[in-house]
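[1] below is the structure, and that's it, no one-letter string:
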Ligand code: PEP
(Lines give C-alpha, C1' and ligand atoms only; values in the text may rest on other atoms or scores of the structure.)
Protein backbone atom coordinates (compact mmCIF):
# COMPACT_ATOMS: atom_id res chain seq x y z
CA UNK A 1 0.00 0.00 0.00
CA UNK A 2 1.11 3.55 -0.75
CA UNK A 3 2.61 5.39 2.23
CA UNK A 4 2.30 9.07 3.14
CA UNK A 5 5.61 10.59 4.26
CA UNK A 6 5.36 14.09 5.77
CA UNK A 7 8.26 16.34 6.75
CA UNK A 8 7.80 18.88 9.55
CA UNK A 9 10.53 21.51 9.35
CA UNK A 10 9.31 23.17 12.58
CA UNK A 11 10.91 26.63 13.11
CA UNK A 12 13.77 25.97 10.70
CA UNK A 13 14.53 27.38 7.28
CA UNK A 14 15.24 30.67 5.54
CA UNK A 15 15.02 31.70 1.92
CA UNK A 16 17.36 29.45 -0.03
CA UNK A 17 15.59 26.36 1.32
CA UNK A 18 14.22 25.94 -2.21
CA UNK A 19 17.37 23.99 -2.98
CA UNK A 20 16.42 21.24 -0.50
CA UNK A 21 13.08 20.78 -2.27
CA UNK A 22 14.70 20.74 -5.69
CA UNK A 23 17.32 18.26 -4.46
CA UNK A 24 14.60 16.02 -3.01
CA UNK A 25 12.81 16.10 -6.36
CA UNK A 26 16.06 14.97 -8.03
CA UNK A 27 16.54 12.13 -5.53
CA UNK A 28 13.01 10.72 -5.80
CA UNK A 29 12.97 7.83 -8.23
CA UNK A 30 9.86 6.78 -10.22
CA UNK A 31 9.64 3.80 -7.83
CA UNK A 32 9.74 6.09 -4.74
CA UNK A 33 6.92 8.15 -6.25
CA UNK A 34 4.87 5.01 -6.88
CA UNK A 35 5.27 3.87 -3.28
CA UNK A 36 4.86 7.14 -1.39
CA UNK A 37 3.17 10.52 -1.40
CA UNK A 38 5.54 13.17 -0.08
CA UNK A 39 4.56 16.34 1.79
CA UNK A 40 6.80 19.02 3.32
CA UNK A 41 5.50 21.43 5.99
CA UNK A 42 7.91 24.38 6.13
CA UNK A 43 7.45 27.51 8.27
CA UNK A 44 4.56 29.61 6.89
CA UNK A 45 7.02 32.30 5.78
CA UNK A 46 8.54 29.88 3.25
CA UNK A 47 5.38 28.48 1.66
CA UNK A 48 5.22 31.11 -1.07
CA UNK A 49 8.96 30.75 -1.79
CA UNK A 50 8.73 26.97 -2.20
CA UNK A 51 5.58 26.65 -4.29
CA UNK A 52 7.25 26.52 -7.69
CA UNK A 53 10.06 24.17 -6.66
CA UNK A 54 7.60 21.86 -4.86
CA UNK A 55 5.33 21.66 -7.91
CA UNK A 56 8.33 20.89 -10.12
CA UNK A 57 9.51 18.23 -7.64
CA UNK A 58 6.06 16.61 -7.32
CA UNK A 59 5.91 17.37 -3.59
CA UNK A 60 2.94 18.92 -1.78
CA UNK A 61 3.26 21.59 0.90
CA UNK A 62 1.55 21.97 4.26
CA UNK A 63 1.32 24.39 7.16
CA UNK A 64 2.33 23.48 10.73
CA UNK A 65 -0.61 25.09 12.53
CA UNK A 66 -3.62 27.28 11.76
CA UNK A 67 -6.06 29.54 13.56
CA UNK A 68 -9.69 28.51 13.91
CA UNK A 69 -10.99 31.67 12.20
CA UNK A 70 -10.48 32.57 8.53
CA UNK A 71 -9.45 36.20 9.25
CA UNK A 72 -9.80 38.96 11.82
CA UNK A 73 -8.23 40.58 14.85
CA UNK A 74 -5.83 37.80 15.87
CA UNK A 75 -2.37 39.36 15.84
CA UNK A 76 0.42 37.00 14.92
CA UNK A 77 -1.85 34.19 13.78
CA UNK A 78 -2.12 32.52 10.36
CA UNK A 79 -5.42 31.15 9.09
CA UNK A 80 -6.00 27.97 7.11
CA UNK A 81 -7.26 30.14 4.23
CA UNK A 82 -3.94 32.01 4.23
CA UNK A 83 -2.01 28.75 4.14
CA UNK A 84 -4.13 27.52 1.23
CA UNK A 85 -3.67 30.87 -0.52
CA UNK A 86 0.12 30.51 -0.11
CA UNK A 87 0.08 27.09 -1.75
CA UNK A 88 -0.48 24.61 1.10
CA UNK A 89 -2.65 21.53 0.65
CA UNK A 90 -2.16 20.11 4.15
CA UNK A 91 -1.96 21.40 7.71
CA UNK A 92 -0.52 19.78 10.85
CA UNK A 93 -2.73 20.48 13.89
CA UNK A 94 -2.24 19.57 17.55
CA UNK A 95 1.49 18.87 17.33
CA UNK A 96 2.84 18.09 20.80
CA UNK A 97 5.01 21.22 20.70
CA UNK A 98 1.84 23.31 20.16
CA UNK A 99 0.10 21.42 22.97
CA UNK A 100 3.11 21.95 25.29
CA UNK A 101 4.15 25.50 24.35
CA UNK A 102 0.68 26.97 23.75
CA UNK A 103 -1.56 24.85 25.97
CA UNK A 104 -3.58 23.53 23.01
CA UNK A 105 -6.16 20.95 24.07
CA UNK A 106 -7.92 18.39 21.88
CA UNK A 107 -11.17 20.42 21.59
CA UNK A 108 -9.18 23.31 20.08
CA UNK A 109 -7.30 20.85 17.87
CA UNK A 110 -10.64 19.64 16.51
CA UNK A 111 -11.70 23.24 15.77
CA UNK A 112 -8.39 23.78 13.95
CA UNK A 113 -8.85 20.56 11.96
CA UNK A 114 -12.34 21.73 10.93
CA UNK A 115 -10.96 25.17 9.98
CA UNK A 116 -8.37 23.42 7.80
CA UNK A 117 -11.10 21.33 6.14
CA UNK A 118 -13.22 24.43 5.47
CA UNK A 119 -10.21 25.98 3.71
CA UNK A 120 -9.79 22.89 1.53
CA UNK A 121 -6.72 21.60 3.40
CA UNK A 122 -6.21 18.07 4.69
CA UNK A 123 -5.52 18.24 8.43
CA UNK A 124 -2.86 15.99 9.97
CA UNK A 125 -4.06 15.58 13.55
CA UNK A 126 -1.29 14.76 16.03
CA UNK A 127 -1.89 12.78 19.21
CA UNK A 128 0.52 11.20 21.66
CA UNK A 129 1.09 10.51 25.31
CA UNK A 130 3.48 12.27 27.71
CA UNK A 131 6.38 10.25 29.22
CA UNK A 132 4.56 9.97 32.56
CA UNK A 133 1.46 8.53 30.84
CA UNK A 134 3.64 6.04 29.04
CA UNK A 135 5.40 4.99 32.24
CA UNK A 136 2.07 4.58 34.03
CA UNK A 137 0.72 2.36 31.23
CA UNK A 138 -1.93 4.93 30.24
CA UNK A 139 -0.84 5.52 26.64
CA UNK A 140 -3.75 3.74 25.00
CA UNK A 141 -6.36 5.48 27.18
CA UNK A 142 -4.79 8.94 26.75
CA UNK A 143 -4.37 8.67 22.98
CA UNK A 144 -7.83 7.14 22.62
CA UNK A 145 -9.48 10.07 24.33
CA UNK A 146 -7.33 12.61 22.44
CA UNK A 147 -8.43 11.26 19.06
CA UNK A 148 -12.06 10.90 20.10
CA UNK A 149 -12.17 14.59 21.01
CA UNK A 150 -9.94 15.91 18.19
CA UNK A 151 -11.58 13.99 15.31
CA UNK A 152 -13.27 16.53 12.98
CA UNK A 153 -16.68 16.33 11.38
CA UNK A 154 -15.59 15.75 7.79
CA UNK A 155 -19.17 16.32 6.65
CA UNK A 156 -18.42 20.05 6.73
CA UNK A 157 -16.29 19.88 3.59
CA UNK A 158 -16.38 16.40 2.15
CA UNK A 159 -12.60 16.34 2.72
CA UNK A 160 -10.58 13.79 4.65
CA UNK A 161 -8.15 13.88 7.52
CA UNK A 162 -5.01 12.07 8.57
CA UNK A 163 -3.85 11.23 12.09
CA UNK A 164 -0.30 11.03 13.41
CA UNK A 165 0.64 9.12 16.54
CA UNK A 166 3.63 10.86 18.09
CA UNK A 167 4.55 9.73 21.61
CA UNK A 168 6.06 12.85 23.19
CA UNK A 169 8.92 10.84 24.69
CA UNK A 170 9.98 9.78 21.17
CA UNK A 171 9.81 13.20 19.43
CA UNK A 172 13.32 14.54 18.86
CA UNK A 173 14.85 12.17 21.44
CA UNK A 174 16.28 9.37 19.32
CA UNK A 175 14.13 6.92 21.31
CA UNK A 176 11.69 4.78 19.31
CA UNK A 177 8.93 2.70 20.95
CA UNK A 178 8.88 -1.06 20.63
CA UNK A 179 6.97 -2.18 17.49
CA UNK A 180 4.36 -3.83 19.74
CA UNK A 181 3.66 -0.45 21.39
CA UNK A 182 3.24 1.32 18.06
CA UNK A 183 1.02 -1.50 16.81
CA UNK A 184 -1.22 -1.39 19.91
CA UNK A 185 -1.70 2.39 19.80
CA UNK A 186 -2.34 2.45 16.05
CA UNK A 187 -4.93 -0.30 16.50
CA UNK A 188 -6.62 1.85 19.17
CA UNK A 189 -6.67 4.88 16.85
CA UNK A 190 -7.96 2.73 13.99
CA UNK A 191 -10.94 1.74 16.14
CA UNK A 192 -11.99 5.38 16.32
CA UNK A 193 -11.06 6.72 12.88
CA UNK A 194 -12.12 3.71 10.79
CA UNK A 195 -10.40 1.93 7.90
CA UNK A 196 -10.01 4.82 5.45
CA UNK A 197 -8.10 7.36 7.55
CA UNK A 198 -4.31 7.10 7.24
CA UNK A 199 -2.46 6.80 10.57
CA UNK A 200 1.14 8.05 10.52
CA UNK A 201 3.79 7.31 13.12
CA UNK A 202 6.13 10.13 14.23
CA UNK A 203 9.02 10.25 16.67
CA UNK A 204 12.73 9.81 15.81
CA UNK A 205 12.10 8.15 12.44
CA UNK A 206 15.38 7.93 10.49
CA UNK A 207 16.55 6.13 7.37
CA UNK A 208 17.77 3.14 9.33
CA UNK A 209 14.55 2.46 11.30
CA UNK A 210 11.96 3.63 8.75
CA UNK A 211 11.54 0.30 6.95
CA UNK A 212 10.76 -1.55 10.19
CA UNK A 213 8.34 1.11 11.45
CA UNK A 214 6.51 1.36 8.13
CA UNK A 215 5.99 -2.43 8.15
CA UNK A 216 3.99 -2.39 11.41
CA UNK A 217 0.25 -3.09 10.91
CA UNK A 218 -1.86 0.09 10.67
CA UNK A 219 1.19 2.31 10.08
CA UNK A 220 0.26 4.10 6.84
CA UNK A 221 3.14 6.55 6.77
CA UNK A 222 5.38 8.71 8.89
CA UNK A 223 5.70 12.27 10.20
CA UNK A 224 9.34 13.28 10.30
CA UNK A 225 10.93 16.21 12.14
CA UNK A 226 14.73 16.44 12.28
CA UNK A 227 15.41 13.97 9.47
CA UNK A 228 13.24 15.93 7.00
CA UNK A 229 15.47 19.01 6.96
CA UNK A 230 18.11 17.62 4.61
CA UNK A 231 16.94 16.18 1.31
CA UNK A 232 19.36 13.22 1.51
CA UNK A 233 18.19 12.21 5.02
CA UNK A 234 14.53 12.60 4.12
CA UNK A 235 14.98 10.62 0.93
CA UNK A 236 16.61 7.75 2.86
CA UNK A 237 13.32 7.42 4.78
CA UNK A 238 11.11 7.70 1.70
CA UNK A 239 13.14 5.06 -0.13
CA UNK A 240 13.24 2.62 2.83
CA UNK A 241 11.89 -0.85 2.04
CA UNK A 242 8.79 -1.93 3.89
C1 LIG B 1 7.94 15.82 14.79
O2 LIG B 1 8.34 16.93 15.06
O3 LIG B 1 6.77 15.67 14.40
C4 LIG B 1 8.87 14.69 14.91
C5 LIG B 1 8.42 13.47 14.75
O6 LIG B 1 10.19 14.99 15.19
P7 LIG B 1 11.45 13.98 15.10
O8 LIG B 1 11.31 13.20 13.82
O9 LIG B 1 12.64 14.90 15.07
O10 LIG B 1 11.41 13.10 16.29
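    Received it, and whenever you're ready, just let me know what you need. Nothing here was measured: the structure is a model prediction, and the numbers come from that model.
[2] what about the residue in the chain positioned nearest to the ligand, how many neighbours?
    Here the chain gets closest to the ligand at one residue, residue 225, 2.2 Å apart by Cβ to the nearest ligand atom. For every residue, glycine as well, the C-beta is placed using N, CA and C. Residues within reach of residue 225, counting by other Cβ atoms under 10 Å, total 20.
[3] isn't it right up against residue 170?
    No - counting by Cβ atoms under 8 Å, residue 225 stays clear of residue 170, with 10.4 Å between them.
[4] where do the contact lists of the two overlap?
    residue 202 (Cβ atoms under 8 Å, 6 or more residues apart in numbering).
[5] most distant residue from the centre of this structure?
    Most distant from the centre of the chain: residue 73, at 27.8 Å, with distances by Cα atoms, centre = their mean.
[6] OK, contacts around that residue?
    Here residue 73 is in contact with no residue (Cβ under 8 Å, 6+ apart).
[7] now do residue 192
    So residue 192 contacts 144, 147, 148, 151 (Cβ under 8 Å, 6+ apart).
[8] looks to me like it is in a helix.
    Yes - assessed with DSSP: H, G, I helix; E, B strand; the rest coil, residue 192 lies in a helix.
[9] ok, and of the contacts of residue 192, which contact the ligand?
    The subset of those within reach of the ligand, by Cβ under 6 Å from any ligand atom, is empty.
[10] now, which of the residues you listed sits nearest residue 98?
    For these, the residue nearest residue 98 by Cβ to Cβ is residue 147; the value is 16.0 Å.
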